[in-house]
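K.L.:
here is a sequence with its predicted model. Questions after.
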Amino acid sequence: MKFDSKNLRIYLVAGSQDVAGDVAKFLYKLELACKNGITLFQFREKGKGSLVGEKRAALAVAAKKITTKYSIPFVVDDDFDLAVKVKADGIHVGQGDRDFHEIIPLAQQNNMFVGLSISSLIELKKSGDLSGLSYVGCGPIFPTSSKSDAHRPIGIGGLTELMNQVTLPIVAIGGISLENVGVIKKMGVEGVAVISAIMNSEDLKNTIKRLGEK
């Protein structure tokens, strides 16, 4: 699937660890989210309680079937081999992951787009040439408990600094909720990435609708 920055609008990041390891619940929530308006899904099976090995790969295959059914782009977090195996649409690379400059040509050979996490101007400078990337994920904007390895929040000020320097489409991530999403949207980012706002929602349809409002 060809990259379209419009697909960043409502960007769900999740794995089974986000629903206490309940695989059936994870797949149910993912299908419900796809049905109700998310525009991109990143498979992030990582951290405490996550699956590994063949179980992780099998879950990725099952998740990809769901996103394909609804024509939602499927992105794999930090695992190029798995991304190729499931024929993902894209791969997302973090600062502590494999060098994205190595990933880009490999991804292009497999018709995948590449996104990169950047949380500060220092990381931006260290990253060097961003050509070949399709988008940048900036954050965490606010405090978050969804990622145990998350950086300190960069706040609105930090996001503004990055937006002034990055010409690629930006998706904001980290602690984004229905209470603060409006502030982020007004800044002009291409979209918002969330984990708990959707995965913990009791009214998923309404949550996704509100996340997508301008």
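P.N.:
Here it is on my side, so go on.
K.L.:
switch to C-alpha atoms for all contacts and neighbour counts from now on
P.N.:
Will do.
K.L.:
average model confidence for stretch 115-127?
P.N.:
For stretch 115-127, mean pLDDT is 97.
K.L.:
next one: that stretch to chain centre, how far?
P.N.:
Stretch 115-127 sits 16 Å away from the centroid of its parent chain (C-alpha atoms, centre = their mean, to the nearest Å).
K.L.:
for it, could you pull out the residues that count as buried?
P.N.:
Of the residues in stretch 115-127, 115, 116, 117, 118, 119, 120, 124, 127 count as buried by neighbour count, 16 or more other C-alpha atoms under 10 Å.
K.L.:
cool, and stretch 67-83?
P.N.:
67, 72, 73, 74, 75, 76, 77, 78, 80, 82, 83.
K.L.:
mind listing what the closest residue to the third one other than its chain neighbours touches?
P.N.:
If I follow you right, that is residue 73. Nearest non-adjacent residue to residue 73, counting by C-alpha to C-alpha, 6 or more residues apart in numbering: residue 40, 5.1 Å away. For residue 40, the contact set (C-alpha atoms under 8 Å, 6 or more residues apart in numbering) comprises 7, 8, 9, 10, 11, 12, 72, 73, 74, 75.
K.L.:
and with 10 Å instead?
P.N.:
6-13, 33-34, 67, 71-75, 89, 193 (C-alpha atoms under 10 Å, 6 or more residues apart in numbering).
K.L.:
among those, which are in helices?
P.N.:
33, 34, 67 (DSSP state H).
K.L.:
do I have it right that the second one meets residue 66?
P.N.:
Okay, so that is residue 34. Yes - between residue 34 and residue 66 there is a contact at 7.9 Å, judged by C-alpha atoms under 10 Å.
K.L.:
list residues touching both of these two?
P.N.:
28, 72.
K.L.:
the two: which is more packed in?
P.N.:
Neighbours per residue, other C-alpha atoms under 10 Å: of residue 34 and residue 66, the larger number sits with residue 34, 23 against 20.
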